[in-house]
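Asks: next comes the sequence, and after it the predicted model I'd like to discuss.
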Amino acid sequence: MKKIKKLLFIFVFGLIPIPIFAWPGMPTPTLSVNGKYLVDPCGNQVKLHGVAITPSPWFNGCSTGTCRWDNYDITGCLNYNNAVMDALTNTSNGWYLNYIRLHIDPYWTNTPGSAIAENDISRFDYNRLVTYTNSVIIPLINHARDRGMYVILRPPGVCPTNIALNDAYYNYLVTVWTYLSQNTALKNASNVMFELANEPINIRATDGTYGQDAQKYYDALKNFFQPIVNIVRNNGANNVIWIPGLGWQSMYKGLANNPVTGNNIGYAVHVYPGYWGANTQDATSFNNAWNTNVQPIANIAPIAVTEIDWAPSGYGTFGVATTSGFGTNFKNKVDAVGNVSWNLLCPEDLITNGNPNSVTTAFSGNMEACAAPCKSWFASYSSSNLPASSCGGSTSLVNNGVYVIEFKTDPTKALDLANGTDADGTAIRPWTKNNATAQQWIAVSTGNGYWRFITNVSTSNRCIDLASAGTSNGTSIRLWSNYGNDAQAWQVTDAGGGYFKIVTKLNTSRGFDVANCVMDGTQNLQLWDYYSTSCQLFKFNYISTKSAVKSVTTSIDNTITSPTFEIYPNPSMNGNFTITLQNKSMENSKVSIFSLDGKKVFEQVNLKAGANFIASSLKTGVYILHFEGDIGVSMIKIIVK
């Protein structure tokens with residue numbers, strides 16, 4: 001982040017009232033990447049709009065001479081930054097932001113001492129990273145969630161001018177992301193995404209030269225970040241990861257030829273007036289520059305512009321330009337591209353002097369500066385491209401979605417398959433979240449609003465079962481072989497506040513319960529009359545849909561796995577791939593392939609257990625594969641090269 005000094009202006013800027021949609025407390029279901037789009041668990045495309053926040057004294061007022069807090073005052077830091085989030089989600093005052101880019105500032109992670117450059121890691125202290133991530137960063141993330149805001153989390157500091165694989169800065173990032181991706185409050189948190197670094201400039205290629213805008217340097221950047229992505233994924237963190245480009249995070253075209261591989265990958269871009277040599281006032285010049293430097297990667301992955309601002313000369317913004325020129329050119333372009341989220345550089349770009357207690361629109365409401373138009377634009381965006389709280393009906397579950405089912409009584413506890421044992425009769429109990437597959441449940445629709453919950457441990461699709469189809473209070477709810485009967489069908493109903501009740505199809509007045517709400521693992525799941533007690537309410541934390549929970553990040557030719565079958569390779573050449581059925585009960589299943597306009601282009605019936613070679617001879621493109629088996633229809637996107 002740039003160190004900038006704002007001039008102070010006070011002016012009240014009004015907006016025409018528009019309907020209030022969901023702030024504060026807008027749902028923040030886990031987002032994922034589907035093709036070039038950021039999507040919610042229902043598959044709806046999502047575009048976010050927000051502001052960057054850096055919790056340090058300099059960026060919290062001291063740069064303008066009004067320190068909001070100082071001297072490592074955690075309470076003061078939280079109070080101020082929480083108030084900023086409150087102000088910028090106050091829809092009654094016209095503010096509709098739904099994410100923050102949150103910087104773990106070196107103020108917290110460096111050993112205290114005299115001021116040093118942001119790219120100087122010589123005083124980095126791992127213990128301080130751990131301490132202040134837990135005492136400062138995570139509380140801010142939790143408050144953001146309460147206000148309906150997502151978080152793109154960036155590591156401390158900025159890149160040095162030159163970086164290289166296995167250099168000191170690379171090893172620093174490995175240390176930081178190894179810790180962050182193992183922190184249970186961040187790992188797979190529903191509103192948290194990761195931005196791996198800030199503003200790489202030059203990188204060393206294999207020939208030993210440093211540079212930025214040639215394919216050899218893009219290849220080097222891919223090789224720099226790919227191992228870090230792999231570390232995050234191997235730690236079990238499936239959070240969306242945003243990859244920065246070269247040239248102060250503005251150059252990406254070569255990454256389209258050699259992208260970072262793995263699931264849930266997007267690219268974080270910085271855009272300021274004059275970047276790429278574009279004329280700030282000329283739309284054609286800006287569009288051509290974007291099309292050269294950013295659009296190649298935007299064609300294959302979602303984009304988050306994590307730094308931008310502008311104002312006429314004299315206002316103190318980093319970017320010097322006007323809304324009628326640069327601002328409008330930028331907005332028109334990203335709206336047309338259709339897969340770009342973006343945030344302004346700092347709160348001072350929106351509210352005067354970053355003051356959340358006396359909120360006025362920054363820059364005296366001058367429409368040629370970024371604050372007033374962005375306030376209006378963000379409000380207009382609030383009616384579309386938002387994450388859904390429900391996929392229709394009474395529940396937001398996704399068919400074949402993988403979930404961690406959290407207890408309202410104790411959010412640190414999840415529904416757990418005892419000891420991860422895949423056997424009939426294994427107990428199901430509350431247990432401390434540990435990201436194991438024993439706490440992952442695949443929701444499979446059985447129709448008419450009922451669901452079957454298959455453990456992600458099982459290779460034979462064992463599922464949650466009501467013992468002997470009993471309906472009396474105290475009947476055991478345990479793991480059992482999947483027979484597709486009503487004792488294994490559960491109705492999930494929204495109980496408000498992001499929690500759901502889960503009742504049996506055999507008696508919808510009774511459902512999941514833990515005796516006396518004991519959460520220490522000594523009491524197993526049982527059936528009981530539904531009284532809406534906290535141990536009868538659950539939150540579904542989405543992980544993935546129809547894909548392997550443990551990601552393979554070493555190759556783009558990943559296996560795609562559903563609870564019943566596997567497809568590999570994907571992407572495939574000429575549409576030739578293999579479908580492996582995981583058990584004999586899947587025999588005689590049918591696979592159909594549809595083009596994106598809904599036309600059936602291939603069908604094969606009577607699949608056998610084990611490997612089935614599919615020679616579809618499809619043309620290059622993206623298709624939807626429908627698999628019809630004994631537990632319904634599963635749909636998976638396939639790519640043909």
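Replies: Yes, it's here.

Asks: contacting residues around residue 340?
Replies: Residues near residue 340 by C-beta atoms under 8 Å, 6 or more residues apart in numbering: 47, 298, 302-305, 334. In short, each C-beta sits where N, CA and C put it, glycine included.

Asks: quick check: the farthest pair among the residues you listed?
Replies: 47 and 298 (12.4 Å; C-beta to C-beta).

Asks: ok so, going back, looking at the contacts of residue 340, state which has the most neighbours.
Replies: Within the contacts of residue 340, residue 302 tops the neighbour count with 27 neighbours, counted by other C-beta atoms under 10 Å.

Asks: ok, that one touching residue 45?
Replies: No - between residue 302 and residue 45 there is no contact under C-beta atoms under 8 Å: 9.1 Å.

Asks: find the nearest non-adjacent residue to residue 28, please.
Replies: residue 191 (3.9 Å; C-beta to C-beta, 6 or more residues apart in numbering).

Asks: actually residue 222, not the one I typed
Replies: Once flanking residues are discounted, residue 222 sits nearest to residue 258: 5.0 Å by C-beta to C-beta, 6+ apart.

Asks: how about the helices in this protein?
Replies: 74-88, 106-109, 126-132, 138-146, 168-180, 215-234, 246-249, 283-293, 295-298, 328-337, 371-381 (DSSP state H).

Asks: closest one to residue 26 among those?
Replies: That would be helix 138-146 among these, by C-beta to C-beta, at 9.7 Å.

Asks: packing partners for the closest one?
Replies: Using 3 or more C-beta pairs under 8 Å, 6 or more residues apart in numbering; DSSP states H and E as the contact test, the elements touching helix 138-146 are helix 74-88, strand 99-103, strand 150-154.

Asks: can you give the domain ranges for the chain?
Replies: Domain segmentation of the chain under automatic domain parsing yields 32-381, 401-545, 558-640.

Asks: now residue 165, nearest residue through space, not along the chain?
Replies: That would be residue 224: by C-beta to C-beta, 6+ apart, it lies 5.1 Å from residue 165.

Asks: wait, that neighbour sits on residue 202?
Replies: No - assessed by C-beta under 8 Å, residue 224 is found out of contact with residue 202, at 11.6 Å.

Asks: any residues in contact with both of the two?
Replies: residue 163.

Asks: looking at those two, which is more packed in?
Replies: Neighbours per residue, other C-beta under 10 Å: of residue 224 and residue 202, the larger number sits with residue 224, 24 against 20.

Asks: which ones are touching the more buried one?
Replies: Residue 224 is in contact with 163-165, 170, 203, counting by C-beta under 8 Å, 6+ apart.

Asks: so where's the stretch 451-600 of the chain shaky on pLDDT?
Replies: Filtered on pLDDT under 70, the stretch 451-600 of the chain yields the residue ranges 545-565, 582-586, 596-599.

Asks: so what's the closest residue to residue 574 other than its chain neighbours up against?
Replies: Closest residue in space to residue 574, ignoring its immediate chain neighbours: residue 617 at 6.1 Å, by C-beta to C-beta, 6+ apart. When contacts are counted by C-beta under 8 Å, 6+ apart, residue 617 touches 574-576.

Asks: repeat that for residue 173.
Replies: Residue 173 makes contact with 155, 196-197, 228, according to C-beta under 8 Å, 6+ apart.

Asks: buried subset of those residues, written for PyMOL?
Replies: To isolate the buried members of the contacts of residue 173 in PyMOL, using 16 or more other C-beta atoms under 10 Å:
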select buried, resi 155+196+197+228
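
Asks: export the contacts of residue 173 to CSV and append columns for distance to residue 177.
Replies: Shown next, in CSV, are the contacts of residue 173 (distance: C-beta to C-beta, whole Å):
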residue, distance to residue 177
155, 7
196, 7
197, 9
228, 5
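
Asks: the contacts of residue 173 into CSV, with extra columns for pLDDT and distance to residue 220?
Replies: Putting the contacts of residue 173 into CSV (pLDDT from 0 to 100; distance: C-beta to C-beta, whole Å) gives the following:
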residue, pLDDT, distance to residue 220
155, 98, 20
196, 98, 15
197, 98, 14
228, 98, 14
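
Asks: nearest to residue 39, out of the contacts of residue 173: which one, please.
Replies: Minimum distance to residue 39 across these is 20.9 Å, recorded for residue 196 (C-beta to C-beta).

Asks: which residues sit in contact with that closest one?
Replies: The contact partners of residue 196, by C-beta under 8 Å, 6+ apart, come to 155, 173, 177, 225, 228-229, 241-244.

Asks: can you check residue 290 too?
Replies: Each residue near residue 290 by C-beta under 8 Å, 6+ apart is listed here: 276, 278, 333.

Asks: adding neighbour count, pLDDT and distance to residue 435, write those residues out as JSON lines.
Replies: Below are the contacts of residue 290 laid out as JSON lines (neighbours: other C-beta atoms under 10 Å; pLDDT from 0 to 100; distance: C-beta to C-beta, whole Å):
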{"residue": "276", "neighbour count": "17", "pLDDT": "95", "distance to residue 435": "41"}
{"residue": "278", "neighbour count": "22", "pLDDT": "93", "distance to residue 435": "44"}
{"residue": "333", "neighbour count": "19", "pLDDT": "97", "distance to residue 435": "39"}
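
Asks: let me have those in a markdown table, extended by distance to residue 29.
Replies: As requested, these are exported to a markdown table (distance: C-beta to C-beta, whole Å):
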| residue | distance to residue 29 |
| --- | --- |
| 276 | 35 |
| 278 | 37 |
| 333 | 28 |
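
Asks: so which of those residues comes closest to residue 494?
Replies: residue 333 (38.4 Å).

Asks: look up how far residue 284 lies from the nearest residue to the closest one once chain neighbours are set aside.
Replies: Leaving out its chain neighbours, the residue that sits closest to residue 333 by C-beta to C-beta, 6+ apart is residue 290, at 5.5 Å. Separation of residue 290 from residue 284 (C-beta to C-beta, to the nearest Å): 11 Å.

Asks: which neighbours do residue 47 and residue 298 share?
Replies: 339-340.

Asks: can I get the buried ones among the contacts of residue 617 as something I can paste into PyMOL?
Replies: The PyMOL command for the buried members of the contacts of residue 617 (criterion: 16+ other C-beta under 10 Å) is given here:
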select buried, resi 575
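
Asks: among the contacts of residue 617, which are located in strands?
Replies: Within the contacts of residue 617, residues falling in strands by DSSP state E are residue 576.

Asks: and of the contacts of residue 617, the nearest to residue 139?
Replies: Ranked by distance to residue 139 (C-beta to C-beta), the contacts of residue 617 are led by residue 575 at 50.1 Å.

Asks: residues touching the closest one, list them.
Replies: Neighbour list for residue 575: 593, 602, 614-619, 640 [criterion: C-beta under 8 Å, 6+ apart].

Asks: try it again at 10 Å.
Replies: Contact analysis of residue 575 by C-beta atoms under 10 Å, 6 or more residues apart in numbering lists 593, 601-602, 614-621, 623, 638-641.
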